[in-house]
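>>> A structural model of the following input is requested.
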Amino acid sequence: MTEKTPAPAAITPQEARPQAVIDATPAPVSPKADEDETQASLKEMQENVGQMSELAKEEENLVKEFFNFLLKILKPLSKTLEISVSSLPENYKAQVNKAYLYPTGQLVLVYRNGEVEILNLADQENHGILIDITSDVMTKLKMIINSCRSKTEKRVKFLMSVTKELQKVAKVFTDE
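Numbers count the residues shown, from 1 in each chain. A predicted model of the protein is given here:
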């Protein structure tokens, strides 16, 4: 006679997970060591928060100076900078069609759907965008300044030749 063994019952997903066995003895903790670590952590956090505050103030001052200087440079040139969309942060690149930076710090974003958004780059939450576009801004400033210098040189050269000719004509009248 053969014995039949009963078929194993179906295993549910909960039963399939191995049971966690925690067999650990906590390490002896010195109350003084915990207190010293806590005090050191608190001191480090206070120092970091103090430095963060100083850095935030310095960042604000630098951003203000950046736009003051940009305004001084662009005001006589009557320019607004077109910013390359490729210099914008990734989350804007696919949606923005054009971008313009006003010397006062406003970044005008023209979206593909026609909507317009104005970001004040002097606001702290937008400082990252300012950092992202700074290289493009510097490149555009260099191009604008070089172009203005070249135009001024051409005018000076032209006026120099005209002035020399006028000088010759005026000399004829003064010799008489």
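>>> centre of the chain to the longest helix along the chain, how far?
The residue-count maximum for a helix in the chain (DSSP state H) belongs to helix 127-175. Here the centre of helix 127-175 is set off from its chain's centre by 32 Å, with CA atoms, centre = their mean, to the nearest Å.
>>> and for stretch 98-115?
With CA atoms, centre = their mean, you get 15 Å for stretch 98-115.
>>> ok, which stretches of this structure are strands?
Here the chain has its strands, by DSSP state E, at 81-83, 96-101, 106-111, 116-120.
>>> quick check: mean pLDDT across the second one?
Across strand 96-101, the average pLDDT comes to 96.
>>> need the contact partners of it.
80-85, 88, 92, 107-112, 121, 133, 137 (CB atoms under 8 Å, 6 or more residues apart in numbering). All C-beta atoms are positioned from the backbone trio N, CA, C, and that covers glycine.
>>> quick one, which of those residues are buried?
When the contacts of strand 96-101 are checked for burial by 16 or more other CB atoms under 10 Å, the buried set is 81, 83, 85, 88, 92, 107-109, 121, 133, 137.
>>> quick one: residue 40 from residue 52, how far?
Look at residue 40 and residue 52: by CB to CB, to the nearest Å, they are 19 Å apart.
>>> again, but for residue 106
Taking CB to CB, one finds residue 106 at 27 Å from residue 52.
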